[in-house]
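*Asks:* attaching a predicted model along with its sequence, questions to come.
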Amino acid sequence: MSEKKSYGFTTTILHNDRQKPIEHGSLHKPIHTSVTFGYNDARQLASVFQGKEPGFRYGRQGNPTISALEDKITKMEDGVSTLCFATGMGAIGAVFQALLRAGDHIVSSSFLFGNTNSLWQTAAGQGVEVAFADATDVANVEAALTPATRLVFVETIANPRTQVADLARIGQLCKQRGILFVVDNTMTSPYLFRPKTVGAGLVVNALTKSIGGHGNALGGSLTDTGEYDWSGFPNIAPNYKRNAPAQWGMAQLRAKALRDFGASLAPEAAHHIAVGAETLALRMERASANALAVARMLEADARVAAVYYPGLESHPQHALSSDLFKAYGSLFSFELKDGIDCFDYLNRLKLGISASNLGDTRTLVIPVSHTIFYEMGAERRASMGIAESLIRVSVGIEDSADLLDDFQSALAG
């Protein structure tokens with residue numbers, strides 16, 4: 001495989017490890033469990049610590065197995081560099097912990113994953129002002145900006161109601177204002193969408209989800225796309241400005257979020273995720289097709305009150321999604337008509353597993369208001385349009401006919 005030739009998404013990921021020498025001809029980067037790395041020349045050790053030459057210092061800031069995964073994700077997102085973290089929330093927390101200061105202001109989509117919403121509440125308690133805006137319209141985001149706004153944060157597709165952010169126009173707004181645009185790409189994955197194409201400077205991926213894909217490893221990542229000019233970001237400490245401005249953001253993130261905060265990915269988890277990533281495109285195509293089929297079936301059933309999936313023509317952002325994404329993703333949610341108990345319905349499913357993960361090979365279902373969004377309270381749920389009967393479905397790669405039969409049979413009671 002030539003570095004100069006341009007290959008497709010899956011071919012690139014499958015053969016990426018082999019672009020650098022691997023011991024004994026292994027096709028996968030081996031799991032390096034050592035937490036420390038020795039040098040025969042003490043001057044070289046000092047040079048690595050000072051950032052004058054590449055190398056590994058201590059496991060908290062990376063190791064060869066994790067570095068290989070970071071390189072894969074950088075290729076997936078067409079970025080310039082990636083940092084991996086212990087979880088997806090660790091990656092989002094790194095943005096707050098390493099880049100923001102008391103008195104800063106951020107604008108976030110009001111349609112958020114529950115834990116991200118909780119994190120922003122924590123940030124607000126520590127002096128960072130957070131404004132929530134309906135990001136399906138750039139005008140709402142623009143109205144929320146202040147002179148102290150340091151970043152705008154959105155998800156590509158909201159979890160669980162599947163609102164789609166006005167990504168391209170928000171990206172243009174951030175570029176005009178010199179604001180860092182951070183996009184959580186977890187719900188789409190780099191196969192269905194690359195946030196770099198809409199001007200995102202940092203891209204979040206919860207590697208636990210579709211990229212890893214098998215529910216066997218936690219992980220998260222931040223990718224610098226090269227689209228943001230870090231020389232205009234006011235919170236970079238002087239000691240991270242030794243190199244070119246394009247490297248400032250990731251240098252501070254690696255030091256502050258990995259070295260200081262310690263949200264480090266384990267090499268064993270990195271290996272699981274890297275192997276899982278090889279089939280990302282195949283799984284996303286199958287799961288997306290399954291999701292569209294089940295969503296259409298439920299929407300046509302009189303016992304279902306509403307279905308929320310960007311692939312449906314009834315979805316408010318269907319046209320926008322069709323322009324942005326290769327497919328509409330594996331997640332949808334739906335509400336049952338009054339009189340049908342959501343718990344009884346879920347218990348009648350034979351294939352849908354009641355569980356809280358998403359992006360798995362298996363179909364997972366969960367009653368949203370009673371679990372992952374319970375802590376935020378009824379008032380906040382109502383403001384996000386989350387009904388008490390809402391069921392989130394993360395569709396897997398099972399045979400489509402089996403899934404259709406399962407979800408329809410459960411409606412019969």
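*Replies:* Looks like it arrived, so ask away.

*Asks:* show me which residues of the lowest-mean-pLDDT helix or strand in the chain are buried.
*Replies:* Using mean pLDDT, DSSP states H and E, helix 377-383 stands out as the lowest-scoring helix or strand of the chain, at a mean of 81. Neighbour-count burial for helix 377-383, with 16 or more other CB atoms under 10 Å as criterion, is recorded at 380-381. For the C-beta atoms, the positions are set from N, CA and C on the backbone; glycine is no exception.

*Asks:* cool, and stretch 174-184?
*Replies:* Within stretch 174-184, the residues that count as buried by 16+ other CB under 10 Å are 174-175, 179-184.

*Asks:* for it, what is the average pLDDT?
*Replies:* Stretch 174-184 carries an average pLDDT of 98.

*Asks:* where's R392 relative to V154, distance?
*Replies:* With distances taken as CB to CB, to the nearest Å, R392 is found 19 Å from V154.

*Asks:* who's more crowded, these two?
*Replies:* A count of neighbours by other CB atoms under 10 Å puts V154 above the other of R392 and V154, at 30 against 24.

*Asks:* and the more buried one, that one's in a strand?
*Replies:* Yes. Under DSSP: H, G, I helix; E, B strand; the rest coil, V154 sits within a strand.

*Asks:* what residues does it make contact with?
*Replies:* Applying CB atoms under 8 Å, 6 or more residues apart in numbering to V154 gives the contacts 108-109, 135, 165, 167, 170, 182-184.

*Asks:* equivalent analysis for G127, please.
*Replies:* Going by CB under 8 Å, 6+ apart, G127 touches 101-103.

*Asks:* do you know the pLDDT at it?
*Replies:* With respect to pLDDT, G127 has a value of 96.

*Asks:* quick check: phi and psi at F132.
*Replies:* phi -100, psi 130 (degrees, to the nearest 10).

*Asks:* ok, the one 3 residues further on next?
*Replies:* Backbone torsions of A135, given as degrees, to the nearest 10, read phi -80, psi 0.

*Asks:* I figured it was touching R169, is that so?
*Replies:* No. In this structure, A135 is not within contact of R169 by CB atoms under 8 Å, at 10.1 Å.

*Asks:* ok, these two, which is more surrounded?
*Replies:* A135 (26 against 17).

*Asks:* ok, back up a step: what is the nearest of the contacts of V154 to D338?
*Replies:* Of all the contacts of V154, S109 has the smallest distance to D338: 29.8 Å, by CB to CB.

*Asks:* what about that closest one, distance to I66?
*Replies:* Distance, S109 to I66, using CB to CB: 29 Å.

*Asks:* more neighbours: the two, which one.
*Replies:* I66 (29 against 26).

*Asks:* starting at the chain centroid, how far to the helix or strand harbouring that one?
*Replies:* Assignment of secondary structure by DSSP states H and E places I66 within helix 64-77. Between the centre of helix 64-77 and the centre of its chain there are 15 Å (CA atoms, centre = their mean, to the nearest Å).

*Asks:* may I have the strands that pair with whatever helix or strand comes next after it, each with its orientation?
*Replies:* For helix 64-77, the succeeding helix or strand toward the C-terminus, using DSSP H and E, is strand 81-85. Sheet pairing for strand 81-85, assigned by DSSP bridges, gives strand 220-224 (antiparallel).

*Asks:* heading C-terminal from the partner strand, find the next helix or strand.
*Replies:* With DSSP H and E, the next secondary element past strand 220-224 is helix 248-253.

*Asks:* show residues contacting that following helix.
*Replies:* Identification of contacts with helix 248-253 by CB under 8 Å, 6+ apart yields 51, 81, 83, 94-95, 98-99, 201-202, 222, 224, 228, 230-231, 233, 236-237, 240-241, 243.

*Asks:* what mean pLDDT does it have?
*Replies:* Mean pLDDT, computed over helix 248-253, is 96.

*Asks:* check stretch 7-25 too.
*Replies:* If you average the pLDDT over stretch 7-25, you get 87.

*Asks:* about what we covered before: hmm, which of the contacts of helix 248-253 are the buried ones?
*Replies:* The neighbour count (16+ other CB under 10 Å) marks 51, 81, 83, 94-95, 98-99, 201-202, 222, 224, 228, 230, 233, 236, 240 as buried among the contacts of helix 248-253.

*Asks:* okay if I get the contacts of G127 as JSON lines plus neighbour count and pLDDT?
*Replies:* Listed next are those as JSON lines, based on neighbours: other CB atoms under 10 Å; pLDDT from 0 to 100:
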{"residue": "R101", "neighbour count": "11", "pLDDT": "96"}
{"residue": "A102", "neighbour count": "9", "pLDDT": "96"}
{"residue": "G103", "neighbour count": "10", "pLDDT": "97"}
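
*Asks:* now, which of those sits nearest S322?
*Replies:* S322 lies nearest to R101 out of the contacts of G127, by CB to CB, at 39.8 Å.

*Asks:* pretty sure the closest one contacts N235?
*Replies:* Yes. Assessed by CB under 8 Å, R101 is found in contact with N235 at 5.6 Å.

*Asks:* gap between R242 and A251?
*Replies:* From R242 to A251 the distance is 8 Å (CB to CB).

*Asks:* distance of S322 from F193?
*Replies:* Going from S322 to F193 by CB to CB gives 12 Å.

*Asks:* rounded mean pLDDT for stretch 396-408, please.
*Replies:* 98.

*Asks:* in stretch 331-339, what counts as buried?
*Replies:* Neighbour counts over stretch 331-339 (16+ other CB under 10 Å) mark 331-336 as buried.

*Asks:* quick one: residues contacting the residue nearest to C84 when sequence neighbours are not counted.
*Replies:* Leaving aside its chain neighbours, C84 sits nearest to L265 (4.3 Å; criterion: CB to CB, 6 or more residues apart in numbering). L265 makes contact with 66, 69, 84-86, 219-220, according to CB under 8 Å, 6+ apart.

*Asks:* state the pLDDT value of L265.
*Replies:* 96.

*Asks:* give me the phi and psi for it.
*Replies:* Dihedral angles (degrees, to the nearest 10) for L265: phi -80, psi 140.

*Asks:* do you know how far it is from L69?
*Replies:* L265 sits 8 Å away from L69, taking CB to CB as the criterion.

*Asks:* now do the shared contacts for the two.
*Replies:* Listed as contacting both L265 and L69 by CB under 8 Å, 6+ apart are 84, 219.
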